[in-house]
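[1] Here is the input, now give the coordinates:
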Amino acid sequence: MSNVTLAVGVRNALVSLQNTSGLMQTIQNRLATGKKVNSALDNPSNFFLSA
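    As a prediction, this is how the structure comes out:
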């Protein structure tokens, strides 16, 4: 396996894109289910309050 060296700016952009992708998945899940909180991992206090 070869090592890939990334410049700091490229690495920061990649991390930003990964974070944006994760947020998009969360929003898509909320839109698909109609639920703001789907599990205790989303928001524990609201999850147990609604349960």
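[2] Check the gap between residue 7 and residue 47 for me.
    Separation of residue 7 from residue 47 (C-beta to C-beta, to the nearest Å) stands at 41 Å. Every C-beta, even on glycine, is put in place using the N, C-alpha and C of the backbone.
[3] between the two, which one's more packed in?
    Each of residue 7 and residue 47 has its neighbours counted (other C-beta atoms under 10 Å); residue 47 has more, 16 against 8.
[4] Relative to residue 14, how far out is that one?
    According to C-beta to C-beta, residue 47 and residue 14 sit 31 Å apart.
[5] what does residue 46 give?
    For residue 46 relative to residue 14 (C-beta to C-beta), the value is 32 Å.
[6] which intervals of the chain have sub-threshold pLDDT?
    Applying pLDDT under 70 to the chain flags the ranges 1, 38-42, 51.
[7] okay, which residue is most central for it?
    In the chain, the C-alpha nearest the mean C-alpha coordinate belongs to residue 22, at 2.8 Å (C-alpha atoms, centre = their mean).
[8] residue contacts, residue 12?
    By C-beta atoms under 8 Å, 6 or more residues apart in numbering, the contact set of residue 12 is empty.
[9] in stretch 43-51, what counts as buried?
    By 16 or more other C-beta atoms under 10 Å, the buried positions in stretch 43-51 come out as residue 47.
[10] CA atoms only: put it into CSV for me.
    The C-alpha trace of stretch 43-51 is given here as CSV (Å, rounded to 0.1, in the frame of the first residue of the first chain):
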residue,chain,number,x,y,z
ASN,A,43,-30.5,13.8,20.4
PRO,A,44,-30.8,11.7,23.6
SER,A,45,-32.9,14.0,25.7
ASN,A,46,-35.5,14.6,22.9
PHE,A,47,-35.6,10.9,22.0
PHE,A,48,-36.4,9.8,25.6
LEU,A,49,-38.8,12.7,26.1
SER,A,50,-40.8,11.6,23.1
ALA,A,51,-40.7,7.9,24.0
